[in-house]
Each structure stands twice: as structure tokens, then as C-alpha cells.
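Peer 1: I'll drop the sequence and a predicted model, then ask my questions.
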Amino acid sequence: MSNAMTSHDCNKVVLKMYLALDGELSTTEMQEFLFELDRCSCCFRSFEQEKAFRTFLVNKIERRCMPENALQKLRDTLGMPNIARI
Amino acid sequence: METPEISPEEKIRRDALFQREFVPHMDTLYNFGFHLTYNEVDAQDLVQETLLKAYRFIHSYQEGTNAKAWLFRILKNAFINEYRKRARQPDPIDYEEVVHYQDREDASYSGYVDLRQEIFQGLMGDEVTIALNHLPVDFRTVVLLCDIEGFTYEEIASIMDVPIGTVRSRLHRARNMLKEELKTYAASQGFKENR
């Protein structure tokens, strides 16, 4: 996947891929990262797959809300009957 | 909760602050506690303990600061103090190896696990939750904090009391472990890679 002539390093792009998807790149770093994706179809494909995996995780992991009886217990303990779920 | 040392006006102010700053995070706290313990009662106890502690120290809270990260940190510590010590066996993960792993810069990211979209899209939520539950708790925690709650690496480092490099390496390894788990499960269910 690497292209020595243009100093594209797929391993470095993969490293940046995680940071990019986690929102940890600066604007400049993000621009550089996107430029590298344009240069390598393998990196672009890896990025798309990783992005899809993140979306999949967020959508599939079960989310639970605090049960009403536990909320009532909190109201009683704190002496705050008006605590309301927002 | 008795607060005899404060005036009625101060109690009203603190209650309003609690409702405004802390209560909005109650459900996400519960969800985090549930995924840590996989037990509804334990999760409820963790949230109760967390919010009671936050209320007790509400006088030190500066409005507008990161209430969510503070609450998650309290809950994580409560989990460690009250629940993790119940485990009779030490965690089999070699954390020293993990810490050293993150020092190897680029080498630490060479183990990218390719999980093609068509393999995992057929999986159900329960299977993903089970796979997540199979991760060691420190690895599960970083996935929950980053991917589900959207905390930054810096916030996660603060919540977990570890360096940012450790957050990065744990996230990397946790996601790869999760992919491997899901890949194995998908294969067992008849999903195949279509290269």
C-alpha cells in the first residue's frame, strides 16, 4: 500500500484515522489526513470501514435509562421531590 | 439528606444547581453504570452514590465547568471502590504491557483489524452488548466513554486517572478486541467476508 516516491505511509494514516474519527485532530491535521486519504484507495477504504464500524457500535449498543423507582429513591434521599428527568 | 449548616436560601440555590447541572446526566450515568456492572441494582446504587456525593460537594462545584466528566469520574471511582474489589481473581490483563505498548508510537497501531461492513451489519444489538461485556473492564470503559459518551481523550484520561497515551492504546486494543469478538461471532452465524 505504501508509496515511497510520495512518502505515503499507510501505518501513519491508520494512526491518524483513529484520531480523526475521535475528533482529536486539529483543523490543519484533519486537512492533511484527508489529503492522504485522497492519495491511497486502501487507506480510504480502511477509513470508510472504521467509520462504519463506529456508527454500527453507537447504533447497536444498548442504552438504558434510570428506572423511575430509582429516581424516586433519589428524590426521597435528597429531599428534592421536584427532581425531574430532562 | 440533612443539610443543617446551610440556610433555606442556600438549599434552594443548591437544589436548583443540582437539577440544572447534574440531573441531565442521570440517564447517561445509569447507562454507564449498567454497562460497567451489567446489573440493574448495582447500576442504580452507583448512580445514587454518585449523585449523593456530587450533592454533598456541590459547594465546591463551579458552575459551567465539566459536570458530566466530574460525575463520570465519581461513578468510575465508586465502581472501583465498591464493586471491583469484589472480584476474587486479579484481572488477567497485563497493564504494564499496555502502558509500554502505547510508548511504541507507530508500532502500536500496526495491528489494525479489518472488519468489513457486510460482516457485522447482520449482528444484533444484544450480540454487540455481549461482545462489549466480554472486554476487560478498563477496555470496556474507554469504549463506552469515547464511542458512546463522546468524551475527548483528555477527559477520558482525567476520568480514568491515566495518561492520554494509555487512553489511546486502550481504545485501539479495545476496538480490535471487539472487532475480533464480533468477527468470530459473525462467522459462527454464517456471515462471511466478501472480498
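Peer 2: Thanks, I have it. Numbering: from 1, shown residues only, chains lettered A, B, ... in the order given.
Peer 1: which secondary structure element contains residue B:155?
Peer 2: Assignment of secondary structure by DSSP states H and E places residue B:155 within helix B:153-160.
Peer 1: Which elements pack onto that helix?
Peer 2: helix B:67-82, helix B:137-143, helix B:164-188 (3 or more Cβ pairs under 8 Å, 6 or more residues apart in numbering or on different chains; DSSP states H and E). All C-beta spots, glycine's among them, are computed from the backbone N, C-alpha and C.
Peer 1: Let me know which of those is tucked in deepest.
Peer 2: Of those, the one with the most neighbours on average (mean count of other Cβ atoms under 10 Å in any protein chain shown) is helix B:137-143, at a mean of 21.
Peer 1: quick one: contacts of that helix?
Peer 2: A:57, B:35-36, B:76, B:84, B:91, B:93, B:95, B:132-133, B:135, B:156, B:160, B:167, B:170-171, B:173-175, B:177-178 (Cβ atoms under 8 Å, 6 or more residues apart in numbering or on different chains).
Peer 1: Now find how far off-centre that helix is within its chain.
Peer 2: Remark: helix B:137-143 is offset 6 Å from the chain centroid, using Cα atoms, centre = their mean, to the nearest Å.
Peer 1: Wasn't residue B:6 part of a strand?
Peer 2: No - read with DSSP: H, G, I helix; E, B strand; the rest coil, residue B:6 is coil and lies in no strand.
Peer 1: May I have the residues that are in contact with it?
Peer 2: Applying Cβ under 8 Å, 6+ apart, we find residue B:6 in contact with residue B:14.
Peer 1: for stretch A:21-28, what is the average pLDDT?
Peer 2: For stretch A:21-28, mean pLDDT is 96.
Peer 1: Pull up the distance across it, start to finish.
Peer 2: 15 Å (Cα to Cα, to the nearest Å).
Peer 1: residues of that stretch that come out buried?
Peer 2: By neighbour count with 16 or more other Cβ atoms under 10 Å in any protein chain shown, stretch A:21-28 contains the buried residues A:21, A:22, A:24, A:25.
Peer 1: Sort out for me which of those are in helices.
Peer 2: Counted as lying in helices by DSSP state H, out of the buried residues of stretch A:21-28, are residue A:21.
Peer 1: from the buried residues of stretch A:21-28, which single one is nearest residue A:74?
Peer 2: residue A:22 (32.6 Å; Cβ to Cβ).
Peer 1: Leaving out sequence neighbours, find the closest residue to the closest one.
Peer 2: Spatial nearest neighbour of residue A:22, excluding adjacent residues (Cβ to Cβ, 6 or more residues apart in numbering or on different chains): residue B:146 at 6.1 Å.
Peer 1: my guess is that neighbour meets residue B:156, correct?
Peer 2: Yes - assessed by Cβ atoms under 8 Å, residue B:146 is found in contact with residue B:156 at 6.1 Å.
Peer 1: and for these two, which residues touch both?
Peer 2: Joint contacts of residue B:146 and residue B:156 (Cβ under 8 Å, 6+ apart) are residue B:167.
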